[in-house]
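sequence isn't available, so here's the structure alone:
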């Protein structure tokens, strides 16, 4: 089984890295949309916070703007989280990267330590320019536009960061397009539905990893993925119970809004009596 990314998932060593050494290798601690419990998701401050916590792998959602620029945003429409309306593809990159997403975060987290109003959406290029080789990027191809995979790969390659990128998506067609454009970039298929059939299909397609919702992840699924040469990680990890459950399956990583909690969970496991 290939070691993806080939570097530690924590930026610093010491007790954190030592405690996590008991996990399967490779194991990916991934800050979900950055440290999205502490700063607006998919924004520069969220990735800055992840790095400050010592986490070097981040997940980010990309969609194409009307003028073909990859911009970070998760939802199908902008309505709930920004002053704009409609899908990302209906607006220019200039309009999108001026749109305030921080005010939405403040409304969702009224007791937060600081206010985020005025924090704007950002582009993929700006994220890569800001953090460069400090981070490793799990880039989710969120829309289904045919041009999206190629545009993302072109920017990452132009900036010399393609070796630090894994492309992910729920949309199988987007991953196939990515593989056609750049066969060397690893991809992760995020699964819903019939997991076993899709694990078999992912292996046959030469994908590197599959993702399964934490509530559906089981030891047999992990063994099935591993037997076919696939890594497998959990998404939808929201609570400590989700983390404990995913850890018990022997999976190869997880995305978390609070990635520091995983380190704490592992340390607590080490300290608890048998």
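Great, that's in hand. From a predicted model like this one, the values you see are computed outputs, not experimental measurements.

CA atoms for contacts and neighbours, from now on please.
OK.

what does the helix or strand encompassing residue 130 contact?
Using DSSP states H and E, residue 130 maps to helix 124-131. Contact with helix 124-131 is made by 44, 62, 70, 71, 72, 152, 155, 156, 159, 161, as judged by CA atoms under 8 Å, 6 or more residues apart in numbering.

what of stretch 146-156?
With CA under 8 Å, 6+ apart as the test, stretch 146-156 has contacts from 63-64, 68-70, 124-125, 128, 141, 162, 165, 174-175, 177-178, 181-182.

re the thing from before, buried among the contacts of helix 124-131? Make that a ChimeraX selection.
In ChimeraX syntax, the buried subset of the contacts of helix 124-131 is picked out as below (16 or more other CA atoms under 10 Å):
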select :44,62,70,71,72,152,155,156,161
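
between the contacts of helix 124-131, which is closest to residue 114?
Within those, proximity to residue 114 (CA to CA) peaks at residue 44, which comes in at 15.5 Å.

look up how far residue 159 lies from the nearest residue to that closest one once chain neighbours are set aside.
Closest residue in space to residue 44, ignoring its immediate chain neighbours: residue 127 at 6.6 Å, by CA to CA, 6 or more residues apart in numbering. Per CA to CA, to the nearest Å, residue 127 is found 11 Å from residue 159.

which residues in this protein form helices?
Taking DSSP state H as the test, the helices found in the chain are 15-20, 44-52, 93-96, 102-108, 124-131, 148-158, 172-181, 195-205, 219-227, 240-247, 260-271.

any idea which of those is most buried?
helix 44-52 (a mean of 21; mean count of other CA atoms under 10 Å).

show residues contacting it.
11, 31, 33-36, 38-40, 56, 58, 122, 127, 135, 259.

list the contacts for the nearest residue to residue 76 once chain neighbours are set aside?
Distance criterion CA to CA, 6+ apart; nearest residue to residue 76, sequence neighbours excluded, is residue 87 at 5.8 Å. Going by CA under 8 Å, 6+ apart, residue 87 touches 76, 77, 78.

hmm, try it at 10 Å
Neighbouring residues of residue 87 by CA atoms under 10 Å, 6 or more residues apart in numbering: 63, 64, 65, 66, 73, 75, 76, 77, 78, 79, 143.

what pLDDT does the closest residue to the second one other than its chain neighbours get?
What sits nearest to residue 64 in space, not counting adjacent residues and going by CA to CA, 6+ apart, is residue 70, at 4.5 Å. pLDDT, residue 70: 98.

one more: residue 2?
36.

how about residue 134?
At residue 134, pLDDT is 97.

low-confidence stretches in this structure?
1-22, 267, 269-274 (pLDDT under 70).

which ones are touching the residue positioned nearest the centre of it?
For the chain, residue 59 is the residue whose C-alpha lies nearest the centre (CA atoms, centre = their mean; 2.0 Å). Contact partners of residue 59, counting by CA under 10 Å, 6+ apart, are 30-35, 41-42, 47, 136-140, 166-168, 255-256.

may I have the beta-bridge partners of it?
Assessed by DSSP bridges, residue 59 has beta-bridge partners residue 32, residue 138.

now it: how far from residue 107?
23 Å.

ok, now residue 40?
Taken as CA to CA, the span from residue 40 to residue 107 is 11 Å.

what's the overlap in contacts for those two?
81, 116, 117.

so how far is residue 116 from the closest residue to the first one other than its chain neighbours?
Distances taken as CA to CA, 6+ apart place residue 104 nearest to residue 81, at 5.2 Å, with adjacent residues excluded. The gap separating residue 104 from residue 116 is 9 Å, by CA to CA.

now the common contact residues for the two.
residue 40.

just give me the closest of the contacts of residue 87 to residue 198.
Nearest member of those to residue 198, counting by CA to CA, is residue 143, at 20.2 Å.
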